[in-house]
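Chemist: quick one, what's the 3D model for this:
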Amino acid sequence: MELFTSLSRLCSVAGPSGHIKAVAGTAEELLRPLVDEVELDRLNNVLGVRRCGREGAKKVLLDAHLDEIGFVVTGYDEGFLRFSALGGVDSRMLPGRELLLMTEPAGFGVVAAKPPHVLSAGEREQALSIDDLRIDVGLSQEEAEKTYPIGTPAVYREGCARLQGSRVTGKALDDRSCFCVLLRTLELLQDETLDVDLYVLGSNLEETGGEGAMVASFRVNPDCAVAVDVTFATQPDVSKDKGFPLGSGPVIGVGPNMARWMTERLKRVAKENEISYSLEVMGGNSGTNGWEIQTAREGIATQVLSVPLRYMHTPMEVMDLKDMEQTAQLLAAFLRNLGKEALEC
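Modeler: Residues are numbered from 1 along each chain as shown. Below is the predicted model:
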C-alpha cells in the first residue's frame, strides 16, 4: 500500500493513550495481509508475527506506537467542559482549536479563546495553563454533563493532508508514520526468505509511559528489538545541532539505550545500500519505547531508529514521505541475514 494511503487511514482515527481500540483495529487490518498471525492483547497492543520456518530461530521485535496525545474531560463550568491532557500537550496550541470528543456518535467542541481585543498587556505575554481553558460544546450545564461524562477522551480534530512534493502534515504522525514504516518494511521483504522470526508491534501507552511496549516485550521475549519513533526535524526555532533536515533520511540512535552491535550494523548496511542517514547521540533515556523494551525480562538488545518530524505534539506535524521510505529500506536491509549476527552477539 502507498505510504500516504496507509498514513491517512491511521491518522484519521482517534486514539489517545489508553483509548486506541479503534486505531488498533485499523492497524490490524493493514498488518494482517503481511504476516502469518496477528492479534490484539489486553492493552490493545497490535502484534503480528512473520515466521521464517526455522526451528529455534532468533526473534526480532519491531515497535512503533499507535497512541497519540489527547485530552480527557474532568468536569464542567456552566456548560463548558474542563479537561486535562493525556500525554505531552503544549497548552499554547489549544486556544481556538477544534477537538473531537470520543463519544458515540463523536462530538465536536472548540477550546474557548479570549478575543485579542480584550487581552491585557500581561495576558498577551503569557501562555494559558490547560487548567484555565475550557471546551465549548454549545450545551447547557445539564446537557453537557449528560452528553460528555467525566472521563470522555478527546483528540485534535485534524487528520492528515499533503503539502507540496513529498511533505505531509497532520496529527498523530508521531508515531503512526512509523507504524507505516513497519508495514512498508514488511512489503519490501514480502518475497524474501528471512532467518529470524519477525514480530511487528503497534503499541499503546507510549505517550504516558511506555507500558504497552513493556508488556508486549515481556511476552515476546525477543533476542533484539528496534523501536521506531520520530525525532526533531530542523525548523526556525530548533537549532541545527538538535534537529535533522527533512529529506535527509533515517536517524540512527547512539547511546546507552542502544546495543552497540545493532548501531554498527545499521550504519554498515546503510552505507552498503547507499541510504543517507544521520546519527543522534542520546546520553540517557531516549524518550521512546526503546527505554522500556531494553529492560524487559533479563534485558533485550535494543536499537532506536527515528524519522525527522517538525512541530512534534502539535495538531499539524510535518514530515517527508521520502524519509519514511528510506527508513523502511534501512530496516529491511538490517533484517536480511540478521540471524547469524544476532546469534553471535
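
Chemist: quick one: D36 and L47 touch, right?
Modeler: No - applying CB atoms under 8 Å, one finds D36 not in contact with L47, separated by 11.9 Å. To be clear about C-beta, it is placed using only N, CA and C from the backbone, and glycine gets the same treatment.

Chemist: between those two, who's got more neighbours?
Modeler: A count of neighbours by other CB atoms under 10 Å puts L47 above the other of D36 and L47, at 22 against 13.

Chemist: show me the contacts for the more buried one.
Modeler: Taking CB atoms under 8 Å, 6 or more residues apart in numbering, we find L47 in contact with V38, E39, L40, D41, Y199, V200, L201, G202, A216, R219, V220.

Chemist: for the last one, phi and psi?
Modeler: Pointing back at V220 there. The main-chain torsion angles of V220 are listed as degrees, to the nearest 10 and equal phi -70, psi -40.

Chemist: what of the second one?
Modeler: The phi and psi torsions at E39 (degrees, to the nearest 10) take the values phi -150, psi 160.

Chemist: count the residues that sit near it.
Modeler: As a burial measure, the neighbour count of E39 was computed by other CB under 10 Å and equals 10.

Chemist: of the contacts of L47, buried ones?
Modeler: The neighbour-count criterion (16 or more other CB atoms under 10 Å) marks V38, L40, D41, Y199, V200, L201, G202, A216, V220 among those as buried.

Chemist: is the second one in a bridge, and if so with what?
Modeler: With DSSP bridges applied, the residues forming beta bridges to L40 are V46.

Chemist: who's in contact with it?
Modeler: A24, G25, E28, V46, L47.

Chemist: I'd assumed L30 was in contact with R9.
Modeler: Yes - the pair R9 and L30 qualifies as a contact (CB under 8 Å) at a distance of 7.1 Å.

Chemist: the more surrounded of those two?
Modeler: Set side by side, R9 and L30 show more neighbours around L30, with 22 against 19, by other CB under 10 Å.

Chemist: tell me the contacts of that one?
Modeler: L30 neighbours (CB under 8 Å, 6+ apart): M1, S6, R9, L10, L183.

Chemist: now those in a markdown table, with distance to A332 and pLDDT?
Modeler: Converted to a markdown table, the contacts of L30 look like this (distance: CB to CB, whole Å; pLDDT from 0 to 100):
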| residue | distance to A332 | pLDDT |
| --- | --- | --- |
| M1 | 16 | 72 |
| S6 | 16 | 97 |
| R9 | 22 | 97 |
| L10 | 20 | 98 |
| L183 | 12 | 98 |
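
Chemist: so which of those belong to strands?
Modeler: Nothing among the contacts of L30 maps onto strands, per DSSP state E.

Chemist: so after the strand or helix carrying D174, what's the next helix or strand?
Modeler: With secondary structure defined by DSSP states H and E, D174 is part of helix 173-188. From helix 173-188 onward toward the C-terminus, using DSSP H and E, the following helix or strand is strand 196-203.

Chemist: show residues contacting that next one.
Modeler: Strand 196-203 is contacted by residues 24, 27, 31, 34-35, 45-52, 57-67, 179, 182, 186, 189, 212-213, 216, 220, 222-223, 289, 335, 338-339, 342 when judged by CB under 8 Å, 6+ apart.

Chemist: so what are the sheet partners of that strand and their directions?
Modeler: Strand 196-203 sits in its sheet next to strand 46-50 (antiparallel), strand 58-65 (parallel), going by DSSP bridges.

Chemist: and the contacts of L30, which are buried?
Modeler: For these, burial is judged from neighbour counts taken by 16+ other CB under 10 Å, and it is met by S6, R9, L10, L183.

Chemist: quick one: low-confidence parts of this protein?
Modeler: Flagging of the chain using pLDDT under 70 yields the residue ranges 117, 119, 121-125, 342-345.

Chemist: out of the buried ones among the contacts of L47, which is nearest to G249?
Modeler: Nearest to G249 among the buried ones among the contacts of L47 is V200, at 21.6 Å by CB to CB.

Chemist: strands of the stretch 51-200 of the chain, residue ranges please.
Modeler: Remark: strands of the stretch 51-200 of the chain, listed N- to C-terminal, are 58-65, 70-77, 80-86, 98-101, 107-111, 135-136, 153-156, 160-162, 167-170, 196-203; assignment by DSSP state E, counting those that start in this stretch.

Chemist: quick one: closest of those strands to K146.
Modeler: strand 70-77 (10.5 Å).

Chemist: how about the CA coordinates for that closest one, as PDB?
Modeler: What follows is strand 70-77, C-alpha atoms only, in PDB (Å, rounded to 0.1, in the frame of the first residue of the first chain):
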ATOM      1  CA  GLY A  70      -5.000  13.800  23.700                       C
ATOM      2  CA  PHE A  71      -7.400  15.100  26.400                       C
ATOM      3  CA  VAL A  72      -9.900  13.900  29.000                       C
ATOM      4  CA  VAL A  73     -13.000  15.600  30.400                       C
ATOM      5  CA  THR A  74     -12.600  16.300  34.100                       C
ATOM      6  CA  GLY A  75     -15.600  18.500  34.900                       C
ATOM      7  CA  TYR A  76     -18.000  21.300  33.900                       C
ATOM      8  CA  ASP A  77     -18.300  25.000  34.200                       C
END
